[in-house]
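Engineer: Predicted coordinates and the sequence they were generated for:
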Amino acid sequence: MILSDRDIKKYIKEGKIKITPKPNFKEQLGPCSLDLHLGNIFKTFKPSEYPYLDARRKIDFEEIMEEIKIEDGAPFILQPRGFVLTTTKEEFSLSGDLMARLDGRSTLARLGVIVHLTAARFDPGWKGKGVIELGNMGTMPVILYAAVTRICALTFETLSSPAEIPYLKQRDHKYAKPKSPQASKINQEIRKKIR
């Protein structure tokens, strides 16, 4: 069941959903979602000697990415066909009986900005900033503002029962408690299967 605006406020008050900084409900709360703001750290692929990305290759994808940090309120220009990893300004955590989904906002989609290309689910027990994959499918650069632009909407769903093993207690979680965007770790999965 998806939480309504009234239940989102209730769950935040009860501490089942924790969000820092505290949301401005008048600005951020919708009928069944909570908008989150763009963070200020970005990762993008830098020019590399590798002609393609291969998950079987022994490469740390962090090494072929460049981190860009800007001040709150500063502009970030997302180029046409550009791709960056970033985070939400807000850090959030979920109780063991809740999950969340992150969706892009229609307002930005109409400019060509794709938010969260695929991995939009946050499992029960999640804690950290939401990492977002941003792309520009349009033909013109789009300027986004760190900590100002409401970049995405978070919806919350209740589980039929609390998760037996919440995210942070899983042995193989790869992206726990992120404070900044992290490059893909898919090569760790592939290497385990190849051995």
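Structural biologist: That came through, no problem.
Engineer: contacts, neighbours, all on C-alpha from now
Structural biologist: OK.
Engineer: for residue 121, what are its contacts?
Structural biologist: With contact set as CA atoms under 8 Å, 6 or more residues apart in numbering, residue 121 has these partners: 99, 100, 101, 102.
Engineer: Quick check: phi and psi at it.
Structural biologist: phi -100, psi 140 (degrees, to the nearest 10).
Engineer: Roughly how far does it sit from residue 51?
Structural biologist: 31 Å (CA to CA, to the nearest Å).
Engineer: now, among the contacts of residue 121, which is nearest to residue 36?
Structural biologist: Of all the contacts of residue 121, residue 36 sits closest to residue 102, with 9.3 Å by CA to CA.
Engineer: Show me what the helix or strand encompassing residue 93 is packed up against.
Structural biologist: Taking DSSP states H and E as the definition, residue 93 sits inside strand 83-94. Applying 3 or more CA pairs under 8 Å, 6 or more residues apart in numbering; DSSP states H and E, we find strand 83-94 packed against strand 17-20, strand 34-45, strand 127-136.
Engineer: Compare these and say which comes out lowest on pLDDT.
Structural biologist: Mean pLDDT is lowest for strand 127-136 among the helices and strands packed on strand 83-94, at a mean of 92.
Engineer: now it against strand 83-94, angle please.
Structural biologist: Put simply, strand 127-136 runs at 150 degrees to strand 83-94, going by axes from the mean of the first three to the mean of the last three CA atoms, to 10 degrees.
Engineer: residue ranges with poor pLDDT in the chain?
Structural biologist: Along the chain, the parts satisfying pLDDT under 70 run over 117-119, 166-195.
Engineer: how near is the residue nearest the centre of it to residue 58?
Structural biologist: By CA atoms, centre = their mean, the mean C-alpha position of the chain lies nearest to residue 131, the distance being 2.6 Å. From residue 131 across to residue 58, the span is 24 Å (CA to CA).
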